[in-house]
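> any chance you can model this:
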Amino acid sequence: VQEAGMGALGVLASVPAGQEKIAAIGGIETVMWSVKHYPEHADVQRIAFGALWNLAASKQNHAAIREGGALEAVVAGMKKHKEDSGVQQAGCGVLYNLALSDDVRERVLDLGARKLVKDAKK
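Here you go, the predicted structure:
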């Protein structure tokens, strides 16, 4: 159920109007709930990270995503699921989009994201 819900949010968040509406109705918090409550499930992490990646394409969502603990959760998920290329790709996408905001970039680097991204490329 979590995978299907996160997948639907990810698809809807692939367009700017969807990103805005999902954020307005608490969708970022919903995605973060799944990330935090299913850390052992690589499929949930991958699909939820994909939704966050799309949501983070809008700089207007960066603060809510960051405040929801996404940076730490994505880094933790990437570390936990090092062998899952889908988790790595989607996690890199979230970190990249969030790092486009000056106020987030340093935090992304402080969490060791540079090494994670480098390792994910291997």
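> can you list the buried residues in stretch 76-96?
76-78, 81, 84, 87-88, 90-95 (16 or more other CB atoms under 10 Å). For the C-beta atoms, the positions are set from N, CA and C on the backbone; glycine is no exception.
> for the residues you listed, which one is nearest Gly68?
Among these, Val94 lies closest to Gly68 (CB to CB), at 11.6 Å.
> where's the closest one, which helix or strand?
Assigning secondary structure by DSSP states H and E places Val94 in helix 85-99.
> with Val44 instead?
Assessed by DSSP H and E, Val44 sits inside helix 42-55.
> quick one: list the elements packing against that helix.
helix 2-12, helix 16-24, helix 27-37, helix 70-80, helix 85-99 (3 or more CB pairs under 8 Å, 6 or more residues apart in numbering; DSSP states H and E).
> turn those into TSV, including distance to Ala48 and mean pLDDT.
Below are these laid out as TSV (distance: least, CB to CB, whole Å; pLDDT from 0 to 100):
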stretch	distance to Ala48	mean pLDDT
helix 2-12	5	90
helix 16-24	13	95
helix 27-37	5	95
helix 70-80	8	94
helix 85-99	8	94
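> which stretch among those approaches Ala51 most closely?
Proximity to Ala51, assessed across the helices and strands packed on helix 42-55 by CB to CB, is greatest for helix 2-12 (3.7 Å).
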